[in-house]
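Chemist: pasting the sequence and the predicted model now:
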Amino acid sequence: MKKYILVILLGVSFIMLTGTGLAQNETSDSEAFRQALEQDGFTVQDGELGYFDLIRLLEEGVLPSAYGNNPTTKYVAFFVPAASGHEVDERISKLTSTLGMSGNTTPFWNLGPDEAVVFVGRTPPECRYFSYDNYIMHRTYGNEKRWLFSNIADTLNSLVIKTEGTPDGQPGNPFNQTTVIIITADRGIDQRIRAAAQSAGYSDNITNTQMLPSSILNMGLENNSDTFAAFVRPALLNDTQAGDDYINNTPATVFRITPNESTELDPFDYPELRVRGTGQTEFELTDDLEELRIAILDKYNESNATELPTSQAVPVGSDAIQRGINAVGPNNDACYLWTANQTVSSPTPPFFNTSQYYPFLQDPAITLGNDTNEFIIVYGVNHVATGKATYSNFAIYGADVWNGVRAITDADFSGSAEEYLPDNPNAKYLYVYKLTRNCSEGDQYCYEVPSGVGVHGIEPDQPLFVAWRAYMENSTKTGPAYSEIVYDRAIKFDPMS
């Protein structure tokens, strides 16, 4: 009790000196937060936030793959200091330094069962969607360390986060707002950090807890403990410059918080998940989609057509964790589809040797040559227009290193199906887009796939696939149900022999 009184008195005296305006004096407020934590018996280490540029890491040879990067989104990673008495692995340090961060932090970190990582600062500026999400990156199975890249539970997204603009998660403005996010496995640690935050002027109604459920995790600092990561995903920012400023100089602080004395553990249970699905589907558009398919085939009837199979692309995190497989960074707020059809091995996961493979489909091996009459038509239901998603996109990837070159979003293809179905009132719910090396002049719904630019493009003989994402149904505040959406499609056209 004496500790809590001291924490409150310290915070009150500090606020009297510095004022309560978080927006005007956030640096001072975070410093008050630090002092309150230290007075309560915690060691507080400073972390960093930075752009986790998968394409750059692939290009520099630090990673063997871009792991299906989403070209619509620049991920901001939490770079967390190593625990006291521990050092950052030399191979991880290379990754960190390549991204321009300091050498004493890491994007892949262990965490003790009584520790926490805390974000305090601003949310992204206005955008279509953002979320904060936590992942298991590595797990040890026997003598084998595997790369899982599996999300742990639900995100803290723009519809549920508690901020100054959305206190207690109520509707409001969640963008560019002050928030506190606590990542921990322990209830008691969470309560103490909340008390310190309140004493520093951060209201409890802007404080969020992302629970790490010990029941499915191996918490600890040993070599065989799970390795974690945390990312911020801002997508489709309204102001590109403001978005770049946020990515490159995130107005927030990250702390690693460790109690100085051992405490009795009170671990969190697995958190209740938001439920996908509303019972409302897109299947009333099936006939319209078939009409669109026929119209596409008729338009390009002088070419050979190969219809590419579409399937669910990646497992949900809990499935991957239970099976010990690479999930390739999924998010509970999204549905993922791709063109694929046969099991092959993925690139070797980073930082260790392993026999682990991740199955994905690529049969037949699709390439995109330079012939004007060789192209891919991507088409389907516009999931945003039907209300099943907040934003959706598709991207083209090199299949060998999973490098996403460009994402086409629902904003790009809105209105594209009317040319094919001029008399169909449901054409507004559909889209058509062309991927080629040479777009015709005036073709608004066409993307020229680059080559000769390394991992920023796809070579004519490089196998490729198309992948789709549909993010967050507003009514459920999580991803749409696979059972309620009509799968997107693609057709590869080649010159007649």
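Modeler: Everything's here; your move.
Chemist: only C-alpha atoms from now on, for both contacts and neighbour counts.
Modeler: OK.
Chemist: how about the strands in the stretch 151-300 of the chain?
Modeler: 156-157, 178-184, 207-211, 227-237, 252-259 (DSSP state E, counting those that start in this stretch).
Chemist: okay if I get the ones you listed as TSV plus mean pLDDT?
Modeler: Below are the strands of the stretch 151-300 of the chain laid out as TSV (pLDDT from 0 to 100):
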stretch	mean pLDDT
strand 156-157	98
strand 178-184	98
strand 207-211	98
strand 227-237	97
strand 252-259	97
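Chemist: for residue 399, find the nearest of these.
Modeler: Ranking the strands of the stretch 151-300 of the chain by proximity to residue 399 (CA to CA) places strand 227-237 first, at 23.5 Å.
Chemist: give the contact list for the residue positioned nearest the centre of the chain.
Modeler: The chain has residue 233 as the residue nearest its centroid, 5.0 Å off, counting by CA atoms, centre = their mean. By CA atoms under 8 Å, 6 or more residues apart in numbering, the contact set of residue 233 is 73-76, 129-132.
Chemist: hey, C-alpha coordinates of stretch 326-343 in CSV?
Modeler: Provided in CSV are the C-alpha atoms of stretch 326-343 (Å, rounded to 0.1, in the frame of the first residue of the first chain):
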residue,chain,number,x,y,z
ASN,A,326,5.0,-21.4,-40.3
ALA,A,327,1.9,-19.3,-40.5
VAL,A,328,3.6,-16.4,-42.4
GLY,A,329,2.2,-13.6,-40.2
PRO,A,330,-1.6,-13.9,-40.3
ASN,A,331,-4.0,-11.5,-38.5
ASN,A,332,-7.4,-12.4,-37.1
ASP,A,333,-8.8,-9.3,-38.8
ALA,A,334,-8.3,-10.7,-42.3
CYS,A,335,-9.2,-13.4,-44.8
TYR,A,336,-6.3,-14.6,-47.0
LEU,A,337,-6.7,-16.2,-50.4
TRP,A,338,-4.2,-17.1,-53.1
THR,A,339,-3.7,-18.9,-56.4
ALA,A,340,-2.0,-22.1,-55.5
ASN,A,341,-2.5,-25.9,-55.9
GLN,A,342,0.4,-28.1,-54.8
THR,A,343,2.6,-28.5,-51.8
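Chemist: how far off centre is it?
Modeler: How far stretch 326-343 lies from its chain's middle: 12 Å, per CA atoms, centre = their mean, to the nearest Å.
Chemist: which of the residues in that stretch are buried?
Modeler: Using 16 or more other CA atoms under 10 Å as the test for burial, stretch 326-343 gives 326-341.
Chemist: pick out the most distant pair among these.
Modeler: The span of the buried residues of stretch 326-343, defined through CA to CA, is set by 333 and 341 at 24.6 Å.
Chemist: low-confidence ranges in the chain?
Modeler: Where the chain drops to pLDDT under 70, the residues are 1-28, 341-364.
Chemist: and the helices in it?
Modeler: 2-18, 26-39, 54-59, 90-98, 187-199, 240-248, 286-299, 317-323, 410-413 (DSSP state H).
Chemist: that older thread, is the residue nearest to the centre of the chain bridged to anything, and to what?
Modeler: residue 131 (DSSP bridges).
Chemist: against residue 194, how distant is it?
Modeler: Distance, residue 233 to residue 194, using CA to CA, to the nearest Å: 24 Å.
Chemist: try residue 314
Modeler: 36 Å.
Chemist: with residue 413 instead?
Modeler: Distance from residue 413 to residue 194, counting by CA to CA: 45 Å.
Chemist: settle it for me: which of the two has more neighbours?
Modeler: Neighbour count, other CA atoms under 10 Å: between residue 413 and residue 194, residue 194 has more, with 23 against 19.
Chemist: which residues touch residue 106?
Modeler: 79-82, 88, 92-93, 96.
Chemist: how about 6 Å then?
Modeler: Residue 106 makes contacts with 79-80, as judged by CA atoms under 6 Å, 6 or more residues apart in numbering.
Chemist: from residue 83, how far off is it?
Modeler: For residue 106 relative to residue 83 (CA to CA), the value is 11 Å.
Chemist: check residue 189 too.
Modeler: Residue 189 is 17 Å from residue 83, by CA to CA.
Chemist: same question, residue 268
Modeler: Taking CA to CA, one finds residue 268 at 22 Å from residue 83.
Chemist: try residue 340
Modeler: 42 Å.
Chemist: do the same with residue 290
Modeler: Distance from residue 290 to residue 83, by CA to CA: 57 Å.
Chemist: who's more crowded, the two?
Modeler: residue 83 (19 against 12).
Chemist: how about that one, what does it touch?
Modeler: Contacts for residue 83 (CA under 6 Å, 6+ apart) come out as none.
Chemist: repeat that with 10 Å
Modeler: By CA atoms under 10 Å, 6 or more residues apart in numbering, residue 83 lies in contact with 45, 105, 109-112, 115, 221, 256-258.
Chemist: please parse this structure into its domains.
Modeler: Following automatic domain parsing, one finds the domains of the chain at 2-259, 283-309+361-495.
Chemist: mind checking how far the shortest one is from the chain centre?
Modeler: Okay, so that is domain 283-309+361-495. Chain-centre distance of domain 283-309+361-495: 21 Å, with CA atoms, centre = their mean.
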